[in-house]
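A.B. asks: Model the following, please.
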Amino acid sequence: MASAPITEYLYSSIGFKIPVVGEGLVFDRVKITWDGAKLKAEGQIINLLMEDSVVPMIELSFMSEDDEVLDKGVFSSGEKNLSGEDSFPFQYELQATSGIKKETQSVKLSFLPVED
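C.D. replies: Numbering: from 1, shown residues only. Next up is the predicted model:
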């Protein structure tokens with residue numbers, strides 16, 4: 001239905017639930033460490049819903065003091081689906097481009113929307 005947003009609006013307006021990929025998934029116990037210019041992100045992905053959920057790709061963004069994206073990487077968690085009320089660990093390493101570590105004030109993790 002993602003390719004027909006007008007239809008999604010119509011269905012949702014009459015009470016049909018339109019599933020959103022990644023809905024109910026959250027990051028937990030995220031730990032960010034640096035080894036030189038290599039960033040390592042690890043933690044858990046938890047499905048808060050009682051039903052299975054598709055696990056989308058994950059984007060890791062290096063954020064500046066002004067909350068602008070300095071650089072980013074996209075990765076797969078290694079899992080395609082996550083059972084209801086279940087969790088699994090994730091880990092990702094990304095080599096930062098020159099000077100990014102010094103400018104990075106925060107790191108942002110987000111689930112990417114699925115494209116048709």
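A.B. asks: Which stretches in this structure count as strands?
C.D. replies: 25-35, 38-47, 53-54, 58-63, 69-75, 81-82, 87-95, 106-111 (DSSP state E).
A.B. asks: so which of these comes closest to Ser13?
C.D. replies: strand 53-54 (24.0 Å; C-beta to C-beta). The way it works is simple: take the backbone N, C-alpha and C, and place the C-beta from them, glycine included.
A.B. asks: Give me the local confidence score for the residue of the chain most remote from its centre.
C.D. replies: With distances taken as C-alpha atoms, centre = their mean, the residue sitting farthest from the centre of the chain turns out to be Ile14, at 29.9 Å. pLDDT for Ile14: 75.
A.B. asks: And Val21, how far from Val107?
C.D. replies: For Val21, the distance to Val107 equals 23 Å [C-beta to C-beta, to the nearest Å].
A.B. asks: Hmm, Thr33 is touching Tyr92, no?
C.D. replies: No. Between Thr33 and Tyr92 there is no contact under C-beta atoms under 8 Å: 11.6 Å.
A.B. asks: residues contacting Leu109?
C.D. replies: 27, 30, 41, 58-61 (C-beta atoms under 8 Å, 6 or more residues apart in numbering).
A.B. asks: run the last query once more with 7 Å
C.D. replies: 27, 30, 41, 58, 60 (C-beta atoms under 7 Å, 6 or more residues apart in numbering).
A.B. asks: CSV please, covering the residues you listed and showing neighbour count and pLDDT.
C.D. replies: As requested, these are exported to CSV (neighbours: other C-beta atoms under 10 Å; pLDDT from 0 to 100):
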residue, neighbour count, pLDDT
Phe27, 15, 96
Val30, 13, 97
Ala41, 20, 96
Ile58, 21, 96
Leu60, 19, 96
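A.B. asks: Many thanks, we can stop here.
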